[in-house]
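S.K.: Fold the following for me, if possible:
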Amino acid sequence: FFGVTIFLPHVMHALVDRDDRAQEMLLLSAFISFLINCLCIPATLLSIRLVVDESLGRKKLQQLSFLLIFASYLLLYLSFPSLRGMRATSSLVALFSLLFFSLNFGAGLTTYMLPQESFPRHIRASLNGISAASGKVGAVLGTVAFAPMARDYGLAATFLVLACFGAGGALVTGRFVDDMRGSAEASEGDADERNASTVQRRL
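M.R.: Numbering: from 1, shown residues only. Sure, this is the predicted structure:
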């Protein structure tokens with residue numbers, strides 16, 4: 001998320017830049033980046049609506065979000081070289097818009113909520129800290145590695161690697177995150193006991 005977000009202006013500049021109209025293309029690149037980032041708002045609002053939908057559940061919402069991220073990056077990997085060669089800027093902007101919608105949908109919210117539901121109460125604070133720290137390490141690695149990888153292997157290959165991470169997120173969620181729908185606060189003690197045994201078994 002952070003890598004592609006930070007370097008989006010550079011990606012857009014590579015798509016629309018023309019040597020003879022550098023200033024005009026820079027402004028166009030900034031405007032396109034602004035439009036793409038505006039999709040963060042409806043994605044977040046939709047996440048807020050769905051995160052309280054017990055028929056879907058937060059686990060399935062996170063899986064759906066990771067699968068959408070996977071599909072967005074995979075589409076970019078498959079179509080980026082040809083569309084860039086054709087200078088099909090509108091199509092590429094549409095694909096990046098879908099990508100940024102998916103990056104801000106679901107997982108951007110559920111990754112803060114699921115730890116509160118999944119970790120047993122007596123070790124919840126410690127495991128929340130470990131989870132948060134792991135996320136920050138991933139953000140740093142993604143930001144540092146994005147530019148060198150794009151430079152050495154190309155943007156298409158970078159998108160493929162990021163697609164694999166999206167698929168991995170969906171698989172990890174399906175394997176290690178419990179579906180906590182129906183676990184009311186009144187039965188939190190039972191849920192804590194069940195979660196404690198689950199954590200001990202998986203560790």
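S.K.: Give me the contacts around the helix or strand that contains Ile41.
M.R.: Assessed by DSSP states H and E, Ile41 sits inside helix 40-50. With contact meaning Cβ atoms under 8 Å, 6 or more residues apart in numbering, helix 40-50 is reached by 56, 61, 65, 100-106, 108-110. All C-beta atoms are positioned from the backbone trio N, CA, C, and that covers glycine.
S.K.: Among these, which pair sits farthest apart?
M.R.: Greatest spatial distance among those (Cβ to Cβ): Leu56 and Phe100, at 22.1 Å.
S.K.: which parts of stretch 37-55 are buried?
M.R.: Neighbour counts over stretch 37-55 (16 or more other Cβ atoms under 10 Å) mark Leu39, Cys40, Ala43, Thr44, Ser47, Leu50, Val51 as buried.
S.K.: ends of that stretch, how far apart?
M.R.: Using Cα to Cα, to the nearest Å, the end-to-end distance of stretch 37-55 comes to 30 Å.
S.K.: spatially speaking, which residue is in the middle of this structure?
M.R.: In the chain, the C-alpha nearest the mean C-alpha coordinate belongs to Leu103, at 3.7 Å (Cα atoms, centre = their mean).
S.K.: Between Leu56 and Phe100, which has more neighbouring residues?
M.R.: Phe100 (23 against 14; other Cβ atoms under 10 Å).
S.K.: Could you report the pLDDT at that one?
M.R.: On the pLDDT scale, Phe100 is placed at 85.
S.K.: Quickly note the distance from it to Val93.
M.R.: 10 Å (Cβ to Cβ, to the nearest Å).
S.K.: and if you look at Asn128?
M.R.: Asn128 is 38 Å from Val93, by Cβ to Cβ.
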